[in-house]
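*Asks:* Take this sequence and fold it.
(chains A and B)
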Amino acid sequence: MLKNNNSKTITNMAKRSLRSGKRRNGIIILAIFLATFLLLTILTVGVTWFRMQRTQDIRMAGMDSDAYVYGGVTEKQRQVCAGDPNIFAAGAEGIAGAVMKTKFDDTIDSALLWVDEACWNKLQRPGRKWEKGRYPQNENEIMVTKAALKECGLEGLGIGDSFELTYQDSLGEHTKTFTISGLCQDYQNRKELYVSQAFFEKSGRELEEYGWGLLYIKFKSSFITDNMIDDLRQSLDLNKKQALHFTGMNARSMVRLLAGIASLALVTCLTAFLLIYNIMYLSISGNVRYYGLLQTIGMTEYQIRGLVNQQMLFMGAIGISGGILLGTVVSFVLVPAVVSNLGLHDSGQIEIAFHPWIFLVTILLTAMTVYLGSRKPVKLAAGTSPIAALGYRGMASRKSASEFQKGSLLWRMAVRQFGGDKKKTAMVVTALGVCLSFFLCVVTLIQSQAPRTLLSNYMDLDMVLKNDTMMMKERDEWKPLMDAAFVKQLRKNQSIKDVNTITNEQIVVPWEPGLLEYWMTEFYEIYFEETYEDVKADYQKHPEKYASFLIGIDEEEFRYLNSTLETPVDKEDFLAGESCIMLRNGLWSIKPEKIVGKTISYYLGIQYLENLRADDSHSEVQESKLKKFQIKVAGMTDDDDGFYGGVQGVTPDLIVSDMFLKRLVKDPYISKAGIRYQKEYDESAEAGVKKMMDDSQYSRDFSYDSKLEELEAVTQAQGNMMGIGIGIALVLGFIGIMNYVNASVGNLQSRQTSLSMMESLGMTGRQLKKLLVYEGVLYALASIAFAMTIGLGITYYLYQSMNDREIPFAVPVIPVLAVCFLIFAACAVVPLIAHWHMEKKGSIIERIREFE
Amino acid sequence: MGSWIVETKALKKHYKLGENIVKALDGVDFQVKEREFVSIIGKSGSGKSTLLHMLGGLDVPTSGSVYIDGKDLAAMTKEQLTIFRRRKIGFIFQNYNLVPDLDVYENIVLPIELDGRRIDRAFIDGILELLKLQEKIKALPGNLSGGQQQRVAIARAVAAKPAIILADEPTGNLDTASGHDVMGLMKIAAKQFQQTMVLITHDNDIAQMADRIVRLEDGLLVDRSHQKGKQSGGESC
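*Replies:* Residues are numbered from 1 along each chain as shown, chains lettered A, B, ... in the order given. I've put the predicted structure just below:
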């Protein structure tokens, strides 16, 4: 048989059908348009969001690095890194000295740092907010952060100004005039002072010495395997004092993260697919009678397929083009605008660029979705016999009757309707459930990244005041910044809930075999260059040079500390001063089982030193004249938050009950005061505390950690991440609701006759509305159940995949409840509105007749 | 109004079709006595179905009034009208209008359940027996023949014990034998349950089974009542 050339006729019919069915086709085009736009936007915004997550990490670390070598770094190791093809950059940092004082402040807690060119330009630059001037080149030049200037009491100085600084390096204490060659600031407001290489070389310190040199490493690839890390460790040939710490994301984490991103993309595509599929299916199945008519007048199955496919092609082309156009505007205009508001560096590292693959994926996905979405309806139109098509109602009936159910008629009918067409119900529930799950996932991830979640510090204190004079070597230089009157005044402040103080007293631990010898052996391995015998002999002769501290804590503090220990200690013994908890002081090689349960001896430092002065001619203390104390070590703490640290000694620091400490020493020095406000992040409470410090005669000797200030810094580091995340959630919520609206309207249209029939049989308007609301509630319940099972499971997996900071998993209850409420409201209201529109079409009989 | 259970006064239904005004009903005065069986006949498009729908409150007249059991339908709210309809009127449609998702039993008891009344199981069983539907109570409408579906529609119409049955071409989709069977059943049911019945048909044989026959043409009652035999029929204008 010769083939008829009827393609022109089919094309004309397809074009004409576009014009004639404007309303129906308009909805399909709108669906394709929106799906394309949303997919493109979500992909672009999603990629940006993940980039911004990386930006946040860099800003919080102040540096873009994956690993660092601690404990000194040799020239050979630097060269190894420089020659490693896997390494993008390896930058060294040397601690040239400790800042002691300026004319305006004599308790400065800052270091003089030198960083090499790679570290400054390649690693630190992305973590820097701004930078003026240049890095120091001459020995007397210095580059300072604004926060460091403030710490030094030199707020008003700028580039070219000079100031005098007293610092200590390995050669002793010096006072020198520096000229500011540059100013900068990172996102964490660190107090840093950078010096030149010439200065560092004259400080008597070497990069390879323990404590003075670090090497930061950034790999070329973001996909860092265990093998790469092992190879690096081997090639560096680390000595016992050195350690390689990995801070980046390894391959396993990366795979988990990529799986997470892929899941998110899949969910997004699925959402869009469901939307298009539902609209196509409902639209075409609503026109099956029309296609039946075409068959009746002689159109073949093949021609009907061709006709529908061409219609889809036209509508797909229009919808996709429009969606791409709008998506492009959003991608190229709005997203860069949002990102530029973040103040990202123009380093070429982070910028919104053209993403051809995003466009390609969007077009392919939408085209595939249009094809898949129309395949079944096309089959339906082409495969139904003309007579069956003319009788098609677009409403699936149950194939068999079920057992008569008990209960309210309307609930029974709603359940029947809900379960009647399981496939369609599954589609709608999946679409809504997926969107709700996505929302759940996004808000949970956002919440975990929220500044307040990230800032859960030690005992959740709002402010920690520190006595900087306690860092002075000589006890005589300590000042009673926070005496009983000061603490009393703090406690009187109505905005302050409670104040916990840390008291300190110096102790001298005599050389003894057992516990102390074990401790010193480990300590020696890391910190000393001399021979062990020399150190031991010196210690035995002058134990006061190796002094440490008793750290007094109150009962509340003890309760908290005890709860963090693997094996809690006996409270009564601790409070009575019979036992103590030892600080690890960063000696990770120490084995607690070799320490815990043993007894340690000590002399009170004040008595020891007085005795030393009184007996100066001997240069050695006659220990028999002093009272020797002994205490049992009941536990050991790593002090991860560094709350007890800052005054560490060489020998072990011992945490004891402050009541016990007060029995030993009258009015021990308070080194820290932890403050909790009545209302978290209370600015006025904080202002009150700051005023107290300013009013103190020792105002320059205070320093503090403020949760409020950290919050501001983290919020700034995060930029607009939260806004973009919420934007994604809203866009998806919109798709989900649109999907439901579409499905609901289609469902009601197909049931128009059935509902009108029931009205004719006596179903009142109120009963009908109740029925529709019940059906909506069932959809809402099923969608929420979907989200709370599958959605929650996926959320938990994704959360843990990205949970590098080990923040406890918690679902933000209020936004999730609010969205559940919105889903309920939408599911109940949408069918009512659709029915209200349907009712306006005419009387009951007119509505029944519309079908007939 | 006297003893009329159904009465219309100057009932009109006009609607626009393109640029033309179609006068489906153009001033119909029509009455039916209690327990009377009236057939309305007429050509296609004569306004038979429109009149029936007006009587049942399923459509709104352009002008004129409809009284059922002495009550003016126009004076009722939509809610009141629906409740009134489900208690007073049983409809039998030409296309049966069974709810496809409900089985035979559920379709039959639907108006009773909607009214919140207790189902009189013995009464329903009697109807099922009379209409020979006992074996089909679990079947869905889609699995029944046309005659069976029409019998379900009849059962549903009488199950709520309405005072009036309005039947629109109940035998229109049935063959002659089935049509006569269904009519016989309807008549028996109406007699047994003391119901008034208004039937629309274009089949003269079926119409002859009624107590009285009225004819509609172009929206007007053109024929005086065709009084039949023993029972005295109602008047028509």
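
*Asks:* Next, count neighbours for residue 43.
*Replies:* If you meant another chain, say so; for now it's chain A. Using other C-beta atoms under 10 Å in any protein chain shown, A:Leu43 has 23 neighbouring residues. C-betas here are computed from N, CA, C, even on glycine.

*Asks:* meant chain B, my bad for not saying
*Replies:* 12.

*Asks:* Confirm B:Val32 sits in a strand?
*Replies:* Yes: judged by DSSP: H, G, I helix; E, B strand; the rest coil, B:Val32 forms part of a strand.

*Asks:* so what's it up against?
*Replies:* Contacts for B:Val32 (C-beta atoms under 8 Å, 6 or more residues apart in numbering or on different chains) come out as B:4-7, B:38, B:196, B:198, B:234.

*Asks:* and it, how far is that from B:Ile89?
*Replies:* Taking C-beta to C-beta, to the nearest Å as the measure, B:Val32 and B:Ile89 are separated by 12 Å.

*Asks:* Kindly report the same for A:Arg233.
*Replies:* A:Arg233 is 90 Å from B:Ile89, by C-beta to C-beta.

*Asks:* Which one's more surrounded, the two?
*Replies:* The neighbour count for A:Arg233 versus B:Ile89, taken as other C-beta under 10 Å, is higher for B:Ile89 (27 against 14).

*Asks:* Give the residue spans of the stretch 451-600 of chain A that score low on pLDDT.
*Replies:* Flagging of the stretch 451-600 of chain A using pLDDT under 70 yields the residue ranges A:451-459, A:473.

*Asks:* how about the helices in it?
*Replies:* Secondary structure of the stretch 451-600 of chain A (DSSP state H, counting those that start in this stretch): helices at A:451-454, A:484-492, A:515-527, A:532-541, A:555-564, A:571-576.

*Asks:* cool, chain B as well?
*Replies:* B:48-55, B:78-88, B:104-114, B:121-130, B:146-159, B:176-192, B:204-207 (DSSP state H).

*Asks:* Determine which residue belonging to chain A approaches chain B most closely.
*Replies:* A:Gly762 (2.2 Å; C-beta to the nearest C-beta).

*Asks:* residue contacts, that residue?
*Replies:* Going by C-beta under 8 Å, 6+ apart, A:Gly762 touches B:82-83, B:85-87, B:111, B:114-115, B:160.

*Asks:* ok so, going back, I'd like to know which of the helices of chain B lies nearest to chain A.
*Replies:* helix B:78-88 (2.2 Å).

*Asks:* So is stretch B:60-69 next to chain A?
*Replies:* Yes: for stretch B:60-69, a contact with chain A is found by C-beta under 8 Å from any C-beta of the partner chain, at B:Val60.

*Asks:* List the buried residues of that stretch.
*Replies:* By 16 or more other C-beta atoms under 10 Å in any protein chain shown, the buried positions in stretch B:60-69 come out as B:60-61, B:64, B:66-69.

*Asks:* Also stretch A:792-811?
*Replies:* A:792, A:794-795, A:798-799, A:801-803, A:807, A:811.

*Asks:* Out of those residues, which sit inside helices?
*Replies:* Reading helices off those with DSSP H, I get A:792, A:794-795, A:798-799, A:801-802.

*Asks:* As a check, name the ranges of all strands in the stretch 201-350 of chain A.
*Replies:* A:213-219, A:243-246 (DSSP state E, counting those that start in this stretch).

*Asks:* Now those in a markdown table, please, with extra columns for distance to A:Asp460 and mean neighbour count.
*Replies:* What follows is the strands of the stretch 201-350 of chain A, written out as a markdown table (distance: least, C-beta to C-beta, whole Å; neighbours: other C-beta atoms under 10 Å in any protein chain shown):
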| stretch | distance to A:Asp460 | mean neighbour count |
| --- | --- | --- |
| strand A:213-219 | 31 | 24 |
| strand A:243-246 | 27 | 13 |
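
*Asks:* For these, which has the smallest mean pLDDT value?
*Replies:* Sorting the strands of the stretch 201-350 of chain A by mean pLDDT places strand A:243-246 lowest, at a mean of 84.

*Asks:* what pairs with the nearest residue to B:Gly219 once chain neighbours are set aside across the strands?
*Replies:* Once flanking residues are discounted, B:Gly219 sits nearest to B:Asp26: 3.9 Å by C-beta to C-beta, 6 or more residues apart in numbering or on different chains. Taking DSSP bridges as the rule, B:Asp26 bridges to B:Lys12.

*Asks:* doesn't B:Leu220 make contact with B:Asp26?
*Replies:* Yes: using C-beta atoms under 8 Å, B:Asp26 makes contact with B:Leu220 at a distance of 5.6 Å.

*Asks:* Can you tell me which residues in chain B are near chain A?
*Replies:* Selection of chain B residues close to chain A by C-beta under 8 Å from any C-beta yields B:53, B:56, B:58-60, B:78-79, B:82-83, B:85-87, B:91, B:95, B:97-103, B:105-106, B:110-111, B:113-115, B:138-142, B:156, B:160.

*Asks:* Narrow those to just the buried residues.
*Replies:* Neighbour counting by 16+ other C-beta under 10 Å classes B:53, B:56, B:58-60, B:82-83, B:85-86, B:91, B:95, B:97-103, B:105-106, B:110-111, B:113-114, B:139-141, B:156, B:160 among these as buried.

*Asks:* and the residue nearest to the spatial centre of chain B, what are its bridge partners?
*Replies:* With distances taken as C-alpha atoms, centre = their mean, B:Leu166 lies nearest the centre of chain B, 1.0 Å away. For B:Leu166, the beta-bridge partners under DSSP bridges are B:Phe91, B:Val198.
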